[in-house]
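Student: mind folding the following:
(one chain, ligands or ions: 2)
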Amino acid sequence: MLIGVLGGGQLGRMLALAGYPFGLRFRVLDPVLDAATDGIAERVRGAYEDPAALDAFAAGLDCVTYEFENVPVATVRALAARGVRVFPGERALALTQDRVLEKQFLSELGVATADFAPIDAADDVARAVASVALPAVLKSRRLGYDGRGQRVVRTAADLDGAWDALGGVPLVAEAFVPFKRELALLAARAVDGTIACYPLIETHHRDGILRLALAPAPHASAELQSAAEAIATRVLQALDYVGVLAVELFERDGRLLVNELAPRVHNSGHGTIEGAETSQFAQHLRAGLGLPLGSTSAVGYSAMLNLIGEAPPLDALLRADPHAHVHRYGKQPRPARKLGHVTLIASDRAALAARVEAFAAAIGIALPT
Ligand SMILES: Nc1ncnc2c1ncn2[C@@H]1O[C@H](COP(=O)(O)OP(=O)(O)O)[C@@H](O)[C@H]1O
Ligand SMILES: [Mg+2]
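Tutor: Ligands and ions are numbered 1, 2, ... in the order given. So this is what the prediction gives:
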């Protein structure tokens, strides 16, 4: 089978790597000069809305998925018109591209989020922020990632110039959530409607970028896990969703609020490659291809550390811990860029904490506090 992937970043690369043991083959569509999938999957280099590129990409594909949610919805339609099924579907893509539509959808489902208000023009900023109250977070409605296009506003003075600083684009104002911690739930829904959820993952961000993910999340009660699964199930069913969905959550006073949804495999789940019986990448393919879902059980306790901006050389990473699982994406270093990740596994939490600390010290990266 030949699977098409829209986007040639590290998520596409790890999808292909997970599919090869099943005998699957991959073709990627991405306009960039160098893609992280180059060398491991064939590529059509072209724009997502270029009909000729779409013709070349679609020819002979069994189905298509995407590895980032800013693929134009028109691309999914154009592929459908060429007889190619795309999973997850168009509605999931359209909703998760726009933070306001996404939060409205969640509210209609009865899923809790931070209070929010749309901002369409500079004149709306003060009113929207007043309606959610300070402190608040202003975020671009579309195209934000890794904390880009966001600004925390704590006082009325912080509102001055915020509209221009964020590029004069439509925004959403969100109440700032004084969360106890951040969590992520990865869930998969297969073509036949079967759902499988992974254990909750505890995520640690700095400057809006994920640094560390611990799975299964420490101190997560069965009730907390069920509450997260209930949220994911509602979303998956409402969207008739197929594939892996990531739900980013805030835990506050024992309650869960949804921060955002990602209609794809997700950085918080990279640890599932070695830290779960089925990796999120294999699960996404199983779900989309009408195959049985795999076990989501954890294999020990895992910690996933992102390598951001600069990465130590391979031999230094491997020397730091012979148990480390090292992943490098083949991308050029650039500030704030995700260049790779390392997963460490141990049989208990104390051993994992010691391993993470020693590894971080050996390669000189700061752990989130
Ligand atoms: N309303 C909020 N209250 C508190 N912290 C927030 C809020 N929204 C975002 N953050 C922080 O910023 C990070 C990135 O924001 P997010 O909305 O997930 O954007 P991105 O699409 O860049 O991941 C979150 O993981 C969280 O740490
Ligand atoms: Mg996020």
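
Student: what comes up buried for the helix or strand hosting residue 223?
Tutor: Following DSSP states H and E, one finds residue 223 within helix 222-238. By neighbour count on 16 or more other C-beta atoms under 10 Å, the buried set for helix 222-238 is 224, 225, 227, 228, 229, 231, 232, 235, 236, 238. Using the backbone N, CA and C atoms, a C-beta is placed for each residue, glycine as well.

Student: so how far is that helix from its chain's centroid?
Tutor: Computed by C-alpha atoms, centre = their mean, to the nearest Å, the chain-centroid distance of helix 222-238 equals 17 Å.

Student: just checking, what packs against that helix?
Tutor: Contacts defined by 3 or more C-beta pairs under 8 Å, 6 or more residues apart in numbering; DSSP states H and E place helix 222-238 against strand 181-189, strand 195-197, strand 243-252, strand 255-262.

Student: quick one, that helix and strand 181-189 angle?
Tutor: 50 degrees (axes from the mean of the first three to the mean of the last three C-alpha atoms, to 10 degrees).

Student: residues touching helix 222-238, excluding its own?
Tutor: The contact list for helix 222-238 (C-beta atoms under 8 Å, 6 or more residues apart in numbering) reads 105-106, 109-111, 183, 185, 187, 189, 193, 195, 197, 199-200, 241, 245, 247, 249, 251, 254-256, 258, 261.

Student: now, of those residues, which are buried?
Tutor: Buried, going by 16+ other C-beta under 10 Å: 105-106, 111, 183, 185, 187, 189, 195, 197, 199-200, 241, 245, 247, 249, 251, 256, 258, 261, out of these.

Student: ok, back up a step: and the helix holding residue 223 with strand 243-252, angle?
Tutor: Interaxial angle of helix 222-238 relative to strand 243-252 (the same axes, to 10 degrees): 140 degrees.

Student: surely residue 167 and residue 149 touch.
Tutor: Yes: if you go by C-beta atoms under 8 Å, residue 167 and residue 149 touch, sitting 7.2 Å apart.

Student: mind listing the helices for the stretch 1-150 of the chain?
Tutor: 10-19, 51-58, 73-81, 90-96, 99-108, 125-132 (DSSP state H, counting those that start in this stretch).

Student: and the fourth one, what other elements does it pack with?
Tutor: The one in question is helix 90-96. helix 73-81, helix 99-108, strand 255-262.

Student: same thing but at 6 Å, please
Tutor: Packed against helix 90-96 by the contact rule (3 or more C-beta pairs under 6 Å, 6 or more residues apart in numbering; DSSP states H and E) you find helix 73-81, helix 99-108.

Student: tell me which of these sits most buried.
Tutor: Compared across the helices and strands packed on helix 90-96, helix 99-108 shows the largest average neighbour count, a mean of 19 (mean count of other C-beta atoms under 10 Å).
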